[in-house]
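**Q** could you work out the structure for the sequence below:
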Amino acid sequence: MRRHLKPARAAALLLAVAVVAAACTSGESPAPATSSTTVASEATEGPTTTTLEQDTTTTSGDLKPVGGDVVLGQAKEPPTLNPFAPGGQSAIVTFIGNAYWAGVQTIDGTTLELVPDVVIELPTTANRGLVVNDDGTMTVRYDIHPDAVWEDGTPISGDDFEFTYDTIMDPDLPIAKLVYEDIIPSSVRAGAKTFEYTMTAPTVQVEFLFGVILPKHSVEGSDFISDWNDTMWVSGGPFVLSEWSPGEQLTVVRNENYWKKDPETGQQLPLLDGVTFRFIPGAEDLAAAFARREVDAINPLSDLEIIGDLEALEPEGAVVDLRGGPLWEHLNFQFGPGRLDRNETSCNENLNMRRAVAHAVDKQAIVDLLLDGRVEPLDSYVDLYSPTSSNDAWAQYRFDPGLAAELYRAAVEEAGVECSVVFTAVTNEQVRVELAELLAAMFADADIPYRQELEAIEPFWGVTVPTGTWDSGEWAWIGSPGLAGLIGLHDVWDPEAPPPLGQNVYEWGTPDSSLIDEATARYAEIRDAMNATVDEDELAALVAEAEALLADNVVFIPLYARLNPSAVWADEIAGYVHNPSQAQDTWNLEEWYRSDR
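**A** Numbers count the residues shown, from 1 in each chain. Predicted coordinates for the structure are as follows:
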């Protein structure tokens, strides 16, 4: 069955970028994700469309070619086009939704920083978009771009923001209301090109609010959950939904009323006529379709053999870009009493022991052997959230088995026992099994007693992690660019937040911890201060102090970011910028063009 939509009325939605403040990977995390989401309803006929004429005024350089289509290969098909329905948080929904979403912000693929979408600038204390009031509340104001319109020519307005808020807060709709519920309802003010509201307290979590804006005139009066699974409301993005053939492909075509201009030439965007998302299950089949030029770009699995085959196509015009993605692996320690059930000679509370481990681990060798040296080892978790804020605080622990041995002997003398390490991780991923073997050799070189006790997923995440019955472990967290994700991550080590109500499964500094000292007390103060300010300078200083404190005390050891690859036929497609964040490679789809025209 083919589902046809009128191009001028094709659907559009903007999924609020799922903010994972401290979310884990692949269902492995013991901590819940924090997400900002929004809702929608069925489209109605809007005002008569006013088509914008193509602007050929150049600001610099020659005009870029206009027209042509691009085919993008994807292994998965969206279970729904509604980001708020079951399955709507799937990455493929975001990948496609970037073609027609409109919202407050997106993530720049080059800088991995948040950049404005329909607003003139993101609200900050410096531009008075964020104002902390005398009563402890915080007022947020958006100035909507004067040119921003929906595909039918209706201006994107404060009324759309207010309707989005009302939809999210509808108690009858199964939509996550986190953070939104802290908006004081009576404070909401909508203008023709402004929207303002007041939060009960200052919080950087407003950073990702209203990532999805709903067109009131299109959605109002519809059944939001049932009406938007295979169609979309009027577009606020560069394309509109044209046709979805389930099991095969989905096509979007140019939004003739899109309001943005190319930053280099001044041309009206988008530059392409359309984009087709072709669904090709199977990693090898997807790569083969790319090799045959049946698709113009793909995001392959981080399989080194497949990546090697794709790189062999580079002399023919392909470009394969390998970047560290948002998933970052770390070696950690358990500080609660449960670790002794696993290892009665655990000395995790001893700083020299943790430093010994840090110097015994050869992160470069881990990256070289597990990832063929395709990414750099991590010296800071901050790199995955705000690269410009990172101080590489773990760079002080360079691989030195001799120093590791000395520190280990000092720890044994201080602890009065023959300290040892028991490493536990899941067996479902081969890289973790291989990591356990690498660690065995590294600890042997440093004369540190070591054994591994790997587990299946269910006992590890169902019992071991919640009960704190591991000694040293390894898993991944997800990095979400922006201050909201970075600040939220620090809850993971908050001494005041042990499970089950908090996320500090490591039990560092918690009431039951074997390690409670000045560092844990100061970290708790830093965490509270982070969650009480939105001043960027203050937050930068607090993040720097937290990073240094966590590194100096070796609370955990960042290892590496997982590979996040892309492949594009760059001899045909220009403007493509690989984006390893949650925004994904279609973040700037409007600026792509066919260079072969």
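
**Q** low pLDDT regions in this protein?
**A** The chain contains residues with pLDDT under 70 at 1-61.

**Q** okay, now the domains of it?
**A** 3-43+68-296+572-594, 324-562 (automatic domain parsing).

**Q** can I get those in a markdown table including distance to D62 and mean neighbour count?
**A** Glycine gets a C-beta too; all of them are placed from N, C-alpha and C. Formatted as a markdown table, the domains of the chain follow (distance: least, CB to CB, whole Å; neighbours: other CB atoms under 10 Å):
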| stretch | distance to D62 | mean neighbour count |
| --- | --- | --- |
| domain 3-43+68-296+572-594 | 8 | 20 |
| domain 324-562 | 32 | 19 |
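
**Q** closest to S302 out of these?
**A** The closest of the domains of the chain to S302 is domain 324-562. By CB to CB, the value is 6.3 Å.

**Q** from the middle of its chain, how far away would that closest one be?
**A** Chain-centre distance of domain 324-562: 20 Å, with CA atoms, centre = their mean, to the nearest Å.

**Q** quick revisit: can you add distance to L304 and give the domains of the chain back as JSON lines?
**A** Converted to JSON lines, these look like this (distance: least, CB to CB, whole Å):
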{"stretch": "domain 3-43+68-296+572-594", "distance to L304": "12"}
{"stretch": "domain 324-562", "distance to L304": "5"}
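
**Q** ok, Q396 touching A548?
**A** No: using CB atoms under 8 Å, Q396 makes no contact with A548, being 9.9 Å away.

**Q** quick check: end-to-end length of stretch 107-117?
**A** Terminal residues of stretch 107-117 lie 10 Å apart, using CA to CA, to the nearest Å.

**Q** what do you get for stretch 148-161?
**A** This stretch, stretch 148-161, spans 13 Å end to end (CA to CA).

**Q** same thing with stretch 147-164?
**A** End-to-end distance of stretch 147-164: 20 Å, with CA to CA as the criterion.

**Q** repeat for stretch 406-422
**A** Stretch 406-422: ends 20 Å apart by CA to CA.

**Q** for the strand of greatest length in the chain, name the packing helices and strands.
**A** Taking DSSP state E as the criterion, the chain has its longest strand at strand 318-333. Packing partners of strand 318-333 (3 or more CB pairs under 8 Å, 6 or more residues apart in numbering; DSSP states H and E): helix 304-311, helix 351-360, strand 472-478, strand 556-569.

**Q** need the ones you listed in JSON lines with distance to S226, can you?
**A** Shown next, in JSON lines, are the helices and strands packed on strand 318-333 (distance: least, CB to CB, whole Å):
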{"stretch": "helix 304-311", "distance to S226": "39"}
{"stretch": "helix 351-360", "distance to S226": "53"}
{"stretch": "strand 472-478", "distance to S226": "31"}
{"stretch": "strand 556-569", "distance to S226": "35"}
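
**Q** minimum distance to E77: which of these has it?
**A** With CB to CB as the measure, strand 556-569 is the member of the helices and strands packed on strand 318-333 nearest E77 (19.3 Å).

**Q** so what sits opposite the closest residue to L122 other than its chain neighbours in the bridge?
**A** Spatial nearest neighbour of L122, excluding adjacent residues (CB to CB, 6 or more residues apart in numbering): P116 at 5.2 Å. As for beta bridges, P116 partners with Q105 under DSSP bridges.

**Q** may I have the residues that are in contact with P116?
**A** 104-105, 122 (CB atoms under 8 Å, 6 or more residues apart in numbering).

**Q** gap between it and I107?
**A** Using CB to CB, to the nearest Å, one obtains 11 Å as the distance from P116 to I107.

**Q** now swap in L331 and tell me
**A** 28 Å.

**Q** ok so L486 is a strand residue?
**A** No: secondary structure of L486, determined by DSSP: H, G, I helix; E, B strand; the rest coil: helix, with no strand assignment.

**Q** enumerate every residue touching the nearest residue in space to it that is not next to it in sequence.
**A** Leaving out its chain neighbours, the residue that sits closest to L486 by CB to CB, 6+ apart is Y385, at 3.7 Å. Counting by CB under 8 Å, 6+ apart, Y385 makes contact with 479-483, 485-486, 489.

**Q** relative to V71, which of those is nearest.
**A** The closest of these, once distances to V71 are taken by CB to CB, is P481, at 28.1 Å.

**Q** a helix runs through that closest one, doesn't it?
**A** No: P481: not assigned to a helix; according to three-state DSSP it is coil.
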